[in-house]
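Asks: Sequence plus the predicted model coming up.
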Amino acid sequence: MCSAGSDAAGVMACARLSRLRCSGSWLRSGPGPRRLPPHRAHSEQPAPQSADPFNTQQHQALRESLRKIIEKEINPFVDKWEEEGIFPAHRIFKILGQAGFLGVNKPIEYGGLGLDFSYSMAVAEELGHIRCGGVPMAIGVQSDMATPALARFGSDELKRQFLTPTIAGDLVACLGVSEAEAGSDVANIKTKAVRKGDDYIINGGKMWITNGCQADWMCLLANTNDGPRHRNKSLICLPMNLEGIQVAKKIDKLGMRSSDTAQIFFEDVRVPSKYLIGKEGMGFTYQMLQFQEERMWGVAGMLVPMQNIIQETIEYTRQRKVFNQPILHNQTVHFRLAELETEIELLRSLLYRCVAQYIQGNDVTKLASMAKLKGGRLVREVTDSCLQYWGGMGFTNEVLVSRLFRDMRLMSIGAGTDEVMLSIICKYMGTIPESK
Ligand SMILES: Cc1cc2nc3c(=O)[nH]c(=O)nc-3n(C[C@H](O)[C@H](O)[C@H](O)COP(=O)(O)OP(=O)(O)OC[C@H]3O[C@@H](n4cnc5c(N)ncnc54)[C@H](O)[C@@H]3O)c2cc1C
């Protein structure tokens, strides 16, 4: 992981953000003000410091720059993509890749910006301004779900072949973990990659694969030997144009409709063994690590949609009168919205604490699982409660609240269900009964 953990390091790394072509003045053209040595700074001339390390000027500049792309290149087309059940991933990823948003925390030598994970969180949050859940999720798969293990454990050659073009938006990535018979129980996957000479021969199939209809390569989890289930798996970069790969169907879903989700089969697919990520047999461990970034990204991605829904609900209920008064004037309504807003801030604090520890190199499995559990439940409460205040309008397809009610239902299922999060937390609490 790249870590520009301190503010100073972050500022230096942010200089590289110049290719984001921000119009703001956050990048100084000349040298900054002379700073006193740290031990004297407090008494004589306080060095400028942000009170909130997750919301520095650099984070704000990143957000503003991304917001412009969202408003120009994405939001005007979301309704159409939702209707069509797919969005043009190659075109949108190219735009985001050129602006630097697909590899914010990835190493500079592979085209990333080399910033710390708090900047990835800023991007995930800002993507919440997209007026659906499907497109942000697809972007997250590309930037923070299919690529962390490759960036961390892949060989230089593999990173140049798959990571660099993915960060640039030239290749679309997907993550192949779940199978029809193994979702929560990842260790139970059946897809096999058997070594034959310099190749692996892959047989099996994957289910629920986001970006699966459009992807150029998959970060595939497969069994590479018959040993114990936590040590027999490997992650492999699998080009999706190989003979024997069949995208069997695009799954018709309740929500996330603009994101394509595929079922995929493999029959005697031959892939060079040098496409293995890191060490053979370490795939389960690598994927569990990769899940941490996916889960933190998922939580960050819920924050803005929840706040936007509350804001739109305030506006709607303020102007709509029932029994001769605005709906919002009922104490039960404005109190409920205040409660929900409070919960969102609590979730944000938990996430930021988790991310701060992650940036410092700590194991955050327990905190990330707690945040994912709480986020999945809270987003369901927020969308359900708000939808109620829209009355019949909330039940139409004309308002954002109904779309997010459907889309955000996934948050308690994808990237590990609530029950899986509870199991992980229980493991850390030492409360799971030992199996006999
Ligand atoms: C839209 C969408 C996109 C997805 N994208 C991807 C992707 O890109 N790549 C990928 O690999 N996967 C993806 N997934 C798969 C997702 O991660 C799985 O759906 C999820 O892990 C749950 O697995 P499952 O669907 O097999 O449910 P199951 O494992 O069958 O679980 C069903 C239910 O059983 C209950 N349950 C399970 N375990 C326990 C327990 N220990 N205690 C009590 N109850 C339990 C829970 O209520 C759970 O919801 C996606 C899924 C969806 C719907």
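Replies: All right, it came through fine.

Asks: is it fair to say I209 lies in a strand?
Replies: Yes: under DSSP: H, G, I helix; E, B strand; the rest coil, I209 falls within a strand.

Asks: What's the local residue count around it?
Replies: For I209, the count of nearby residues is 25 (other C-beta atoms under 10 Å). From N, CA and C alone the C-beta is placed, and that goes for glycine too.

Asks: residues contacting it?
Replies: By C-beta atoms under 8 Å, 6 or more residues apart in numbering, the residues touching I209 are C174, L175, G176, S178, A215, M218, T261, A262, Q263, I264.

Asks: and the stretch 51-200 of the chain, which of its residues are near the ligand?
Replies: For the stretch 51-200 of the chain, the contact set with the ligand under C-beta under 6 Å from any ligand atom comprises V141, C174, L175, G176, V177, S178, G183, S184.

Asks: List the contacts of the first one.
Replies: Translated: V141. A173, C174, L175, T210, N211.

Asks: Give me the distance between the second one and I108.
Replies: Think C174. Per C-beta to C-beta, to the nearest Å, C174 is found 25 Å from I108.

Asks: For the residue of the chain most remote from its centre, grab phi and psi.
Replies: Distance from the centre of the chain peaks at N324, with 44.1 Å (C-alpha atoms, centre = their mean). Dihedral angles of N324 (phi, psi; degrees, to the nearest 10) stand at phi 70, psi 20.

Asks: before we move on, what about I202?
Replies: Backbone torsions of I202, given as degrees, to the nearest 10, read phi -110, psi 130.

Asks: Hmm, it is touching A193, no?
Replies: Yes: counting by C-beta atoms under 8 Å, I202 touches A193, with 4.9 Å between them.

Asks: which residues are common contacts for these two?
Replies: Common neighbours of I202 and A193, counting by C-beta under 8 Å, 6+ apart, are L220, A222, I236, V271.

Asks: nearest to the ligand, of those residues?
Replies: L220 (9.6 Å; C-beta to the nearest ligand atom).

Asks: ok, what's across the strand from that closest one?
Replies: Note on L220: beta-bridge partners by DSSP bridges are G176, I236.

Asks: Helices of the stretch 301-436 of the chain, start to end?
Replies: Taking DSSP state H, counting those that start in this stretch, the helices of the stretch 301-436 of the chain run over residues 331-359, 365-389, 400-407, 418-429.

Asks: neighbours of A51, just the number please.
Replies: A51 has 6 nearby residues by other C-beta under 10 Å.

Asks: err, W390, not the other one
Replies: For W390, the number of neighbouring residues by other C-beta under 10 Å comes to 22.

Asks: what's the farthest-apart pair in the contacts of V141?
Replies: Farthest-apart pair in the contacts of V141 is A173 and T210; separation 9.9 Å (C-beta to C-beta).

Asks: So which of those two has more stuff around it?
Replies: More crowded of A173 and T210, by other C-beta under 10 Å: A173, with 28 against 24.

Asks: Can you give me the distance of whatever residue of the chain ends up closest to the ligand to E419?
Replies: Nearest to the ligand, among the residues of the chain, is G183, at 1.9 Å (C-beta to the nearest ligand atom). G183 sits 11 Å away from E419, going by C-beta to C-beta.

Asks: These two: which is more packed in?
Replies: Set G183 next to E419 and count neighbours by other C-beta under 10 Å: G183 wins out with 18 against 11.

Asks: before we move on, the earlier item: ok, C174 and I108, which is more surrounded?
Replies: C174 (29 against 13).

Asks: what is the mean pLDDT for stretch 322-337?
Replies: Averaged across stretch 322-337, pLDDT comes to 98.

Asks: Over to stretch 169-186?
Replies: Averaging pLDDT along stretch 169-186 yields 98.

Asks: Pull out the buried positions in it.
Replies: By 16 or more other C-beta atoms under 10 Å, the buried positions in stretch 169-186 come out as 169, 171-179, 182-183, 186.

Asks: what does stretch 336-343 give?
Replies: Of the residues in stretch 336-343, those buried under the neighbour-count criterion (16+ other C-beta under 10 Å) are R336, L337, L340, E343.

Asks: residue contacts, the third one?
Replies: When you say that, I think you mean L340. Contact analysis of L340 by C-beta under 8 Å, 6+ apart lists M306, I310, L378, E381, V382, S385, C386.

Asks: rerun that using 7 Å as the cut-off
Replies: Going by C-beta atoms under 7 Å, 6 or more residues apart in numbering, L340 touches I310, E381, V382, S385.

Asks: which of the residues you listed are buried?
Replies: Here, 16+ other C-beta under 10 Å leaves I310, V382, S385 buried among the contacts of L340.

Asks: For this structure, give me the ranges with low pLDDT.
Replies: 1-50, 436 (pLDDT under 70).

Asks: Can you show me the helices along the stretch 101-250 of the chain?
Replies: Counting by DSSP H, counting those that start in this stretch, the stretch 101-250 of the chain has helices at residues 117-127, 134-140, 148-153, 156-158, 164-168.

Asks: now those as a markdown table including distance to S412?
Replies: Listed next are those as a markdown table, based on distance: least, C-beta to C-beta, whole Å:
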| stretch | distance to S412 |
| --- | --- |
| helix 117-127 | 18 |
| helix 134-140 | 14 |
| helix 148-153 | 23 |
| helix 156-158 | 34 |
| helix 164-168 | 28 |
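
Asks: possible to save the ones you listed as a markdown table with mean neighbour count?
Replies: A markdown table is the format used below for the helices of the stretch 101-250 of the chain (neighbours: other C-beta atoms under 10 Å):
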| stretch | mean neighbour count |
| --- | --- |
| helix 117-127 | 26 |
| helix 134-140 | 26 |
| helix 148-153 | 23 |
| helix 156-158 | 13 |
| helix 164-168 | 23 |
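
Asks: what's the closest of these to I424?
Replies: Per C-beta to C-beta, nearest to I424 of the helices of the stretch 101-250 of the chain: helix 148-153, 18.1 Å.

Asks: What residues does N225 make contact with?
Replies: Contacts of N225 (C-beta under 7 Å, 6+ apart): N232, G281.

Asks: Quickly list the domain ranges of the chain.
Replies: The chain resolves into domains spanning 57-172, 175-279, 284-429 when parsed by the TED database.

Asks: out of those domains, deepest packed?
Replies: Comparing the domains of the chain by mean neighbour count (mean count of other C-beta atoms under 10 Å), domain 57-172 ranks first with a mean of 21.
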